[in-house]
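Visitor: Task: produce atomic coordinates for the following.
(chains A, B, C and D)
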There are 4 protein chains.
Amino acid sequence: MNAHPSAAEPSRLDRTALLSRAARLSLAAFDVDGTLTDGRLGYGDDGHEFKSFDVHDGQGLKLLARIGVEIAWITARSSPLVARRAADLGVRHLIQGCHDKGAALSALCASLRIPCSEAAFMGDDLPDLAAMAVAGLSVAPANAHPWVLERVEWQTRAAGGSGAAREFCDLVIEAKGRREELLSRFSPA
Amino acid sequence: MNAHPSAAEPSRLDRTALLSRAARLSLAAFDVDGTLTDGRLGYGDDGHEFKSFDVHDGQGLKLLARIGVEIAWITARSSPLVARRAADLGVRHLIQGCHDKGAALSALCASLRIPCSEAAFMGDDLPDLAAMAVAGLSVAPANAHPWVLERVEWQTRAAGGSGAAREFCDLVIEAKGRREELLSRFSPA
Amino acid sequence: MNAHPSAAEPSRLDRTALLSRAARLSLAAFDVDGTLTDGRLGYGDDGHEFKSFDVHDGQGLKLLARIGVEIAWITARSSPLVARRAADLGVRHLIQGCHDKGAALSALCASLRIPCSEAAFMGDDLPDLAAMAVAGLSVAPANAHPWVLERVEWQTRAAGGSGAAREFCDLVIEAKGRREELLSRFSPA
Amino acid sequence: MNAHPSAAEPSRLDRTALLSRAARLSLAAFDVDGTLTDGRLGYGDDGHEFKSFDVHDGQGLKLLARIGVEIAWITARSSPLVARRAADLGVRHLIQGCHDKGAALSALCASLRIPCSEAAFMGDDLPDLAAMAVAGLSVAPANAHPWVLERVEWQTRAAGGSGAAREFCDLVIEAKGRREELLSRFSPA
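Guide: Okay, the predicted model is just below:
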């Protein structure tokens, strides 16, 4: 989202440009609610909160890490359950309670010595726009807010919490030419 | 829903009239179950109840409050979890256990010194009709009960608990001409 | 489902016959999982089970009871949460842990002195067929098992746990000519 | 999936071959998350996990066991709730925490003295490919990962956790010519 981050005009990349950007990614950062979940915030009358993550998304994040891409979750809300899911998946960079996702992503890139152009950000609502403006590639799930969809460079076909993150992971794996190698680890010769 | 509130004839507003009504709103009142949720009432065998709210809806309600519209939730059921979600969002007016939503909305308008014509009510089932008759604008999510859909002035494309409230918030923000200003707070220059 | 209960040939009623059967109903009996829920059985790793009911269905059952139709739930499983939801709705006849729904429905009709021809049964899977054979009207939600859909006299457009029961309640209310009277209680003059 | 397990070319069986393979099955093995569930992993902020199973799937597994097919669940994750659901359904072979599903299925076939050609495996993601390569019939739900869908011999129309397993059970029941017998147990003469 380097060019015209606040313009409403179409900023979508064509397939060639998209694959080129995806091929050089070193860091993939994700919003949580609505991006890695379906946006439902569960509340119980005993005071507990809950949310659901997608098993396909989790598998994709593990594959992406396996081929050397750093994974980060950056979220405005804060909950021990998000920390637990991140730990289950071995997500190395978890930033909760974040009110400036653009600054957070910039700082993370700096600390990892990764140029922002090698970072992607996937999100679904207005607070994600600042991080998208910093990132070298901006992505949204199919059911992101329309004002966000107008601004991202790529939109998955899947919805948040239903494989949108996996679809993005698959794109990066294919762009980096690592698909057959990963598949061969799962399929007997 | 000022005219013919109990008639089955189409009461839908055209786009111009809809935007005009939305532009002068001072209060937006919402039913909870089926409107701010998908209508599912979760029961656990340990006696607890739960329900899920949509993160996009929450963002919309916060934006609407930020541009000066009062937010109210008016519901027949009563649960501490609804109070907790309302508190998380800073919803100022929460009326639970309400068996006459029309009277409740009238009383709230009076106490806030807001004319009922400047209040909207969004709901999805028969107990919401009385509040809709009082309000200056009646709105329902796409999956509202058909007898309600026949009577409302506007129907969102999104379903309850899946962005219907956000769609209504966006309409009001656009009608009041505040969209670009809000977007600019989220998008770096 | 009086005729040919085990035949795969179409047993659907035309609209006139359907309304005629619905008009004379004195008892509406429902399966629970898959009929009043979406069929999801929630399990927690703390040993608790949970399921979700639809707020529209609940409203429909209350309206049906209000116009004098007896409501029964007949289910093979057994859980305190089902008892709690039934109590919340004022459901008078709750039969859990039932392994012969046909016998249970017959016995209930006898104890209420209601002819079986004035009872309807709504269900979604094979264990419901026996009760459907006893009932004067057999109904299934849109997502019932295909072997059941082949055998019922009416199929709702809505899925179980998403308004299927409400759609059936509405049919009975309309067939009995009570729609306007009920609506007038909710809509100010 | 005996031939070309790692090839991307279509491996789908025609209807005749599918029914022939299904007719001789002695063992039906299933992945859990995404196959017997919709892939949602619920997390609560009290540290508990939860997931939902489909009541139709459960009925199908019980019917399949009744006609003499062994049922196995083979999953990489490990949770007491899966053990509880399996126990509720009388599933005899539950293998949790499994990191080589191919080896697990081979070992199970050996211990049951069932040729692998008489075993089916239903799964939805890459870790299931090894078991599919061992099994005599490979099946995936409609919403399986695309790299898996390219490789399976049959794909259900239903999604995981929404009747996909039931659809497979029905296929086996029909292929073995046991449908009418089972139906007659549920339908009064």
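
Visitor: so what does the one helix or strand residue A:20 maps to touch, helix or strand wise?
Guide: Using DSSP states H and E, residue A:20 sits within helix A:15-23. The criterion is 3 or more C-beta pairs under 8 Å, 6 or more residues apart in numbering or on different chains; DSSP states H and E, and the helices and strands that helix A:15-23 contacts are strand A:137-140, helix A:164-175. Placement of C-beta: from N, CA and C, glycine included.

Visitor: Which helix or strand lies directly C-terminal to the longest one?
Guide: Think helix A:164-175. On the C-terminal side of helix A:164-175, the nearest following helix or strand under DSSP H and E is helix A:179-186.

Visitor: Could you give the average pLDDT over that following helix?
Guide: Throughout helix A:179-186, pLDDT has a mean value of 96.

Visitor: for that helix, the distance to its chain's centre please.
Guide: In terms of C-alpha atoms, centre = their mean, to the nearest Å, the centre of helix A:179-186 is set 22 Å apart from its chain centre.

Visitor: what lines up beside the helix or strand following the helix holding residue A:20 in the sheet?
Guide: Tracing the chain C-terminally past helix A:15-23 and defining elements by DSSP H and E, one meets strand A:27-30 next. Partners of strand A:27-30 in the sheet, by DSSP bridges, are strand A:70-74 (parallel), strand A:119-122 (parallel).

Visitor: quick one: buried residues of the first one?
Guide: Translated: strand A:70-74. Applying a neighbour-count criterion of 16 or more other C-beta atoms under 10 Å in any protein chain shown, the buried positions in strand A:70-74 are A:70, A:71, A:72, A:73, A:74.

Visitor: list the contacts for the residue nearest to the spatial centre of chain A?
Guide: In chain A, the centroid-proximal residue (C-alpha atoms, centre = their mean) is residue A:30; its distance is 3.1 Å. Shown here is residue A:30, whose contacts under the criterion C-beta atoms under 8 Å, 6 or more residues apart in numbering or on different chains are A:36, A:71, A:72, A:73, A:74, A:121, A:122, A:123, A:165.

Visitor: Next one: the third one from chain D, what distance?
Guide: This means residue A:72. 19 Å (C-beta to the nearest C-beta, to the nearest Å).

Visitor: Just give the nearest non-adjacent residue to that residue, would you?
Guide: Ranked by C-beta to C-beta, 6 or more residues apart in numbering or on different chains and with sequence neighbours excluded, the top spatial neighbour of residue A:72 is residue A:93, at 3.7 Å.

Visitor: Please state the backbone phi and psi of that neighbour?
Guide: Listed backbone geometry of residue A:93 is phi -120, psi 110, with angles given as degrees, to the nearest 10.

Visitor: So for it, what's the pLDDT?
Guide: So residue A:93 comes in at 98 (pLDDT).

Visitor: List the residues that contact it.
Guide: Listed by C-beta under 8 Å, 6+ apart, the contact partners of residue A:93 are A:29, A:70, A:71, A:72, A:73, A:108.

Visitor: hmm, back to that, what's the most distant pair in the contacts of residue A:30?
Guide: The span of those, defined through C-beta to C-beta, is set by A:71 and A:123 at 14.6 Å.

Visitor: quick one: secondary structure of residue A:53?
Guide: The three-state label for residue A:53, taken from DSSP: H, G, I helix; E, B strand; the rest coil, comes out as strand.

Visitor: Assess the claim that it and residue D:43 are in contact.
Guide: Yes. Residue A:53 is within contact range of residue D:43, at 6.8 Å (criterion: C-beta atoms under 8 Å).

Visitor: Run through the residues that contact residue A:34.
Guide: Residue A:34 makes contact with A:123, A:124, A:125, A:141, A:143, A:144, A:160, A:161, B:55, B:56, according to C-beta under 8 Å, 6+ apart.

Visitor: just those now: which is nearest chain C?
Guide: When the contacts of residue A:34 are compared for distance to chain C, the smallest value, 15.7 Å, is given by residue A:161; criterion: C-beta to the nearest C-beta.
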